[in-house]
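S.K.: what's the 3D shape of this:
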Amino acid sequence: MVMVVFPFPIIGIDSDNGSEFINDHLFRYCEEHKITFTRSRPYNKNDSPHVVQKNWARVREVIGYLRYDTPAELATLNEIWDLDRVFTNYLLPQQELVSKLRYGAKVINRYDVPATPHQRAIKHPTMRKRPAITMNAAFKRIKPAHLQCEILRLAGELEKLSLAKKIPPAKPPVNTRWNHKG
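M.R.: Below is the predicted model:
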């Protein structure tokens with residue numbers, strides 16, 4: 001069972017097109033919880049640039065490019081993402097693009113003041129008092145250095161698990177010589 005950790009209701013999910021994102025379980029979950037489900041257009045890789053730009057910053061930077069496909073690796077990944085969710089939402093400020101002006105070939109981007117997702121959520125006009133209090137209490141309990149060290153420790157453990165897997169035997173070399181009779 002997937003535990004969703006949000007201080008406010010989810011009203012929509014915007015998914016990429018891959019089968020790793022779109023499946024019957026997710027679709028049924030969205031229908032049951034009245035969540036709008038949209039997806040990007042096929043062969044339009046720029047439909048979700050904000051998500052794609054975070055793949056390096058949060059995913060690859062933390063866990064790298066190894067293949068993780070065992071139950072032990074999944075358990076470790078889940079621990080990492082649980083901690084990284086706290087780190088990202090409470091401690092990493094982000095800037096949002098406010099405007100883009102083009103002067104000939106030159107493009108000038110203007111950004112708002114950097115703020116963490118936690119700060120943006122607290123300031124949002126529709127945020128209710130109870131979730132704001134809960135989020136602020138969670139923020140006060142965070143120990144940033146300990147959190148980062150734990151994420152790095154688990155990432156190292158994940159790498160060890162992946163590298164320790166038995167590598168499949170190499171295929172025997174193909175004989176390329178022609179056997180000439182004669």
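S.K.: next secondary structure after the lowest-mean-pLDDT helix or strand in the chain?
M.R.: The weakest-scoring helix or strand in the chain, judged by mean pLDDT, DSSP states H and E, is helix 49-54 (a mean of 63). Remark: after helix 49-54, the chain's next helix or strand is helix 61-63, criterion DSSP states H and E.
S.K.: show me the shaky parts of this structure.
M.R.: Within the chain, the set of residues satisfying pLDDT under 70 comprises 1-4, 18-21, 45-55, 168-169, 173-182.
S.K.: quick one, helices of it?
M.R.: With DSSP state H as the criterion, the chain has helices at 24-32, 49-54, 61-63, 71-91, 117-123, 129-141, 144-164.
S.K.: other residues contacting the first one?
M.R.: What it means is helix 24-32. Helix 24-32 is contacted by residues 2, 13, 15, 35-37 when judged by Cβ atoms under 8 Å, 6 or more residues apart in numbering. Backbone N, C-alpha and C define where each C-beta goes, glycine included.
S.K.: off-centre distance for it?
M.R.: Taking the mean of its C-alpha atoms, helix 24-32 sits 20 Å from the chain's own mean (Cα atoms, centre = their mean, to the nearest Å).
S.K.: ok, now the third one?
M.R.: When distances are taken as Cα atoms, centre = their mean, helix 61-63 is centred 10 Å away from the chain's centroid.
S.K.: re earlier: nearest to residue 125 among the contacts of helix 24-32?
M.R.: Nearest to residue 125 out of the contacts of helix 24-32 is residue 36 (Cβ to Cβ; 20.8 Å).
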